[in-house]
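Generate a structure from the sequence data that follows.
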Amino acid sequence: EEADRILEEIAGFAPHEATAKMQKIYTEPIKEELVAKRISELKEKSSIVCASLTPQRVEKYYKTAIDAGLDILVIQGTVVSAEHVSKTREPLDLKRFIPQSPVPVIVGGCASYASALHLMRTGAKGVLVGVGPGAACTTRQVLGIGVPQATAIADAAAARMRNLEETGNYSLVIADGGMRTGGDIAKAIACGADLVMIGSPLSRAKEAPGRGYHWGMATFHPDLPRGTRIKTDVAASLKEILLGPAFENDGTLNLCGALRTSMATCGYENIKDFQRAEVMVAPSIKTEGKIQQQQQRVGMGS
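Next up, the predicted model:
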């Protein structure tokens, strides 16, 4: 209820104390009336409202969210299975829940062909792809799991086509994390993504609530934090980050313009066609011919 005060506190924490203090803040119980209030406030300002719940909280809170005007429900965890397993409560069966949901459901994460196909077969409208690539995520170090994002996206795209052949349903592949620049987004689409979900680039907007900081949903886990608070600084308005005009040359502004230009340069008119672009692994792509930029620490050498 005092969001601004709490966000100011989080922005003021020293690095060595941020995790412990955020864990304490997030022990505050979830208030259903506040969930409904926030969704209603968003609905007043936006035509589409999307909100996320972890699998163990879906059954308890999804009706409150939908009644308040929710348009899209995201069921999200580090890795999600079609049947959430719990010893303390009735498990969530996605194969049962999703077909009965009155709103479209997106699920994730996953990072392999088999896991993506597993989630797509539940009837999910979209699948979040990515385990650990996010700027604030430490899952790969804490749990020792993860797949390079380009490979994960390509494998999920293959699962999407398999699911389409089997069921006739096209489940959107949503690249989740690991994208900072317009070039990163273009590469994700070329690897097979239909959409991208970005966090740290948007946290740099003047309108973002984090006061120049960014953290993920597992940063404050009470038993095993799998993320950290990172400083991203405030760079520009949300419009400038998404639509430009850009006043920096590092690809972090005008993300949509960069994607359009990348597609046009490669000769493609739309996202679906761009997914067929030739992709190669090129470790030297950021260094080839860039000696002056590296020496002067500008552009691609900064």
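
what about the helices in the stretch 51-200 of the chain?
For the stretch 51-200 of the chain, the helices defined by DSSP state H, counting those that start in this stretch occupy 58-67, 94-100, 113-120, 139-142, 149-167, 182-190, 200-203.

Let me know which of those helices is the nearest to Val80.
Each of those was scored for nearness to Val80 using C-beta to C-beta, and the closest is helix 113-120 (6.7 Å). Where C-beta positions appear, they are placed from N, C-alpha and C, glycine not excepted.

to the chain's geometric centre, what's the distance from that closest one?
Its chain's C-alpha centre and that of helix 113-120 lie 18 Å apart, by C-alpha atoms, centre = their mean, to the nearest Å.

so it versus helix 149-167, what angle?
50 degrees (axes from the mean of the first three to the mean of the last three C-alpha atoms, to 10 degrees).

Convert the C-alpha atoms of the lowest-mean-pLDDT helix or strand in the chain to CSV, please.
Scoring the helices and strands of the chain by mean pLDDT, DSSP states H and E places helix 291-296 at the bottom, with a mean of 89. Backbone C-alpha positions of helix 291-296 (Å, rounded to 0.1, in the frame of the first residue of the first chain) are rendered in CSV as follows:
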residue,chain,number,x,y,z
ILE,A,291,40.1,-1.7,-32.8
GLN,A,292,39.7,2.1,-32.6
GLN,A,293,36.3,1.7,-30.8
GLN,A,294,38.0,-0.6,-28.3
GLN,A,295,41.0,1.7,-27.8
GLN,A,296,38.8,4.7,-27.3
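
Mind listing residues that contact it?
With contacts defined as C-beta atoms under 8 Å, 6 or more residues apart in numbering, helix 291-296 is touched by Thr287, Gly299, Met300, Gly301, Ser302.

of these, the lowest pLDDT goes to which?
Within the set of the contacts of helix 291-296, pLDDT is lowest for Ser302 (81).

nearest spatial neighbour of that one, skipping sequence neighbours?
Asp250 (6.8 Å; C-beta to C-beta, 6 or more residues apart in numbering).

Quick check, pLDDT for the one you found.
In this model, Asp250 carries a pLDDT of 93.

hey, where'd the strands end up in this protein?
Ranges of strands in the chain, per DSSP state E, are 50-53, 72-76, 105-110, 126-129, 172-176, 195-197, 213-214, 230-231.

So which of the ones you listed is nearest Ile6?
Nearest to Ile6 among those is strand 213-214 (12.4 Å), distances taken as C-beta to C-beta.

Direction included, what does the closest one pair up with?
strand 230-231 (antiparallel) (DSSP bridges).

what sits up against the strand it pairs with?
Here strand 230-231 has contacts from Ala135, Ala136, Ser200, Gly212, Tyr213, His214, Trp215, using C-beta under 8 Å, 6+ apart.

Distance to Asn254 added to the contacts of helix 291-296, as a markdown table?
Formatted as a markdown table, those follow (distance: C-beta to C-beta, whole Å):
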| residue | distance to Asn254 |
| --- | --- |
| Thr287 | 24 |
| Gly299 | 16 |
| Met300 | 17 |
| Gly301 | 21 |
| Ser302 | 18 |
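
Closest to Lys37 out of those residues?
Closest approach between the contacts of helix 291-296 and Lys37, by C-beta to C-beta: Ser302, at 42.9 Å.

For Ser101, give me the backbone phi and psi.
When read as degrees, to the nearest 10, the backbone of Ser101 gives phi -70, psi 130.

My guess is it contacts Leu73. True?
Yes. Between Ser101 and Leu73 there is a contact under C-beta atoms under 8 Å: 6.5 Å.

Now the common contact residues for these two.
What both Ser101 and Leu73 touch, as defined by C-beta under 8 Å, 6+ apart, is the set Tyr62.

Quick one: closest of the helices of the stretch 51-200 of the chain to Lys43.
Comparing the helices of the stretch 51-200 of the chain by C-beta to C-beta, helix 58-67 comes nearest, at 10.8 Å.

about what we covered before: deepest-packed of the strands of the chain, please.
Of all those, strand 126-129 carries the top mean neighbour count, a mean of 29, counting by mean count of other C-beta atoms under 10 Å.
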